[in-house]
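Visitor: Turn this into a model:
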Amino acid sequence: MGKPDTIVAIVIASNRPENLCQWLDAWQPYNDEYKIVVVEDALDNTPEILNRVSDALSWNRIEKLHGNSAWIFSKKDSCIKVAGFLKALELGADVIITLDDDCLPQTTPQQFVRQHLDNLEGKTVSRWTSSIPGLRVRGLPYQTNNQPLLGSVKISLGLWALTPDLDAPTSLGLIAEGGIEADLLTQYQPPDNHWVVPHGQLIPISGMNLAFTSDIAYAMYWPLQGEVSPYRRYDDIWGCLFAQKVLEVIRGKIVVGPPHINHVRASDPYVNLIKEAPGLQVNETLWQVFDQIKVEGDNVKEVVLKIASHMSFIDKPYSKYLNQWSNALTIWTNLVDKALNHRDRKGISLGTVTHFDDLNGNLVRKVNKEQN
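Guide: Predicted structure coming up:
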């Protein structure tokens, strides 16, 4: 799995204990080779999972860990999983993979992780590519095996088999059409090739099957959704739109393609339509907000803060939301600093001592392996 010293953490958010237990059954066989951080979108953690994961978070635990800064983490929305990103950093993760609780492995979990690492290490996309996919056109070198690896890959976006990640209007439209179109909702098979997102181009990035390197954690905050926000189901899309702006400035790359997961959708498209409606209009123009912000730099944290400072002065109907997001980013960067400092002080490696509070607020100590 990657370089010998690469530490990988898988982060998942869930508000469905039954789904969560099934997910752990599917992903846990190789848990000695990667960490699992669960963020439950609930007051407390499900007791049955505590001995099955590297660490577990809940509303109460997040409040205890982050105090006055806890407001930047969503409730009643999958966006709460960003609290797990911080915990993964504390546990020493060099690469963070985020999944949903209805996403199951197509291969072994070990192979799945290996493919994401290959993407991030630039091994799956050649420096040369054909101008026509699938056809060897004139001028394409035959000896490409000795090319240097594609550098500066920061995000690996895996795709979804069975049920693609569609918005509610598209899903309901396919259901209404029936036949082959409706089959796309349950029998979809994504392409098996990899590609690099061209510099300056934007894509919707789903958090259902996503890996990123820890050095861009400053850019991976997803804005408030759910209980304290009018918006839902845009957390990963908008958060990763911000991240794409940062990557544009620092010249970071995104690879799209395998590994795929089997997405056995647990959500209802009719319910999703109600959730998505308030954010539809914002989604049409938010990318233009980031497009008009011009900053320079090569330090991820500094670029994040520069963009955040501009967000406070954008004149849009949702300016209040942008200002809140900007304030949250400032806090987020400080929390990332603390998480990175914590692991540096502890000298954390793949074997760690994990601490979390039980339902009564008592400290539970679980030893995974010997600590360095």
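Visitor: ok, for residue 190, nearest residue in space, not its chain neighbours?
Guide: Counting by CB to CB, 6 or more residues apart in numbering, residue 190 lies nearest to residue 159, which is 3.8 Å off, once chain neighbours are set aside. Placement of C-beta: from N, CA and C, glycine included.
Visitor: for the one you found, what are its contacts?
Guide: Residues in contact with residue 159 (CB atoms under 8 Å, 6 or more residues apart in numbering) are 190, 191, 209, 256, 257, 258, 260, 261.
Visitor: And the residues you listed, which is closest to residue 287?
Guide: Set against residue 287, the nearest of the contacts of residue 159 by CB to CB is residue 256 (17.7 Å).
Visitor: Low-confidence bits of the stretch 1-150 of the chain, can you list those?
Guide: 1-4, 30-31, 144-148 (pLDDT under 70).
Visitor: the helices in it, which residues?
Guide: Assigned by DSSP state H, counting those that start in this stretch, the stretch 1-150 of the chain shows helices spanning 17-27, 59-66, 82-90, 109-120.
Visitor: send the alpha carbons of stretch 153-169 over as CSV?
Guide: Extracted in CSV, the C-alpha atoms of stretch 153-169 (Å, rounded to 0.1, in the frame of the first residue of the first chain):
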residue,chain,number,x,y,z
VAL,A,153,-1.8,15.1,-7.7
LYS,A,154,-3.7,16.2,-4.6
ILE,A,155,-7.2,14.7,-5.1
SER,A,156,-8.3,11.3,-6.3
LEU,A,157,-12.0,11.2,-7.2
GLY,A,158,-13.3,7.6,-7.4
LEU,A,159,-16.6,6.9,-9.0
TRP,A,160,-19.8,4.9,-8.1
ALA,A,161,-21.3,1.8,-9.7
LEU,A,162,-24.9,0.7,-9.4
THR,A,163,-26.3,4.1,-8.3
PRO,A,164,-24.5,7.2,-9.7
ASP,A,165,-24.4,10.3,-7.5
LEU,A,166,-27.1,12.3,-9.2
ASP,A,167,-29.2,15.3,-8.0
ALA,A,168,-32.8,14.8,-7.2
PRO,A,169,-34.3,16.3,-10.4
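Visitor: Off-centre distance for it?
Guide: From the chain centre to the centre of stretch 153-169 is a distance of 11 Å (CA atoms, centre = their mean, to the nearest Å).
Visitor: try stretch 56-69
Guide: 20 Å.
Visitor: what's next to it, contact-wise?
Guide: Contacts for stretch 56-69 (CB under 8 Å, 6+ apart): 37-45, 49-50, 70, 73, 75, 80, 83-84, 87, 331, 334-335, 356-357, 361.
Visitor: Now it: buried residues?
Guide: 56, 57, 58, 59, 61, 62, 65, 66, 69 (16 or more other CB atoms under 10 Å).
Visitor: got any ranges where the stretch 151-300 of the chain has weak pLDDT?
Guide: For the stretch 151-300 of the chain, the stretches with pLDDT under 70 are 179-184, 266.
Visitor: Repeat the analysis, applying 80 as the threshold.
Guide: Residue ranges of the stretch 151-300 of the chain with pLDDT under 80: 176-186, 265-267.
Visitor: so where do the strands sit in it?
Guide: 153-157, 160-162, 195-196, 209-213, 253-256, 261-263 (DSSP state E, counting those that start in this stretch).
Visitor: I'd like the distance between residue 177 and residue 277.
Guide: To residue 277, residue 177 is 21 Å away according to CB to CB, to the nearest Å.
Visitor: Neighbour count for those two, which is higher?
Guide: Comparing residue 177 with residue 277 by other CB atoms under 10 Å, the one with more neighbours is residue 277, at 15 against 11.
Visitor: That one and residue 229, how far apart?
Guide: 14 Å.
Visitor: one step back: now, which of the contacts of residue 159 sits nearest residue 288?
Guide: Among the contacts of residue 159, and counting by CB to CB, the member closest to residue 288 is residue 256, at 22.9 Å.
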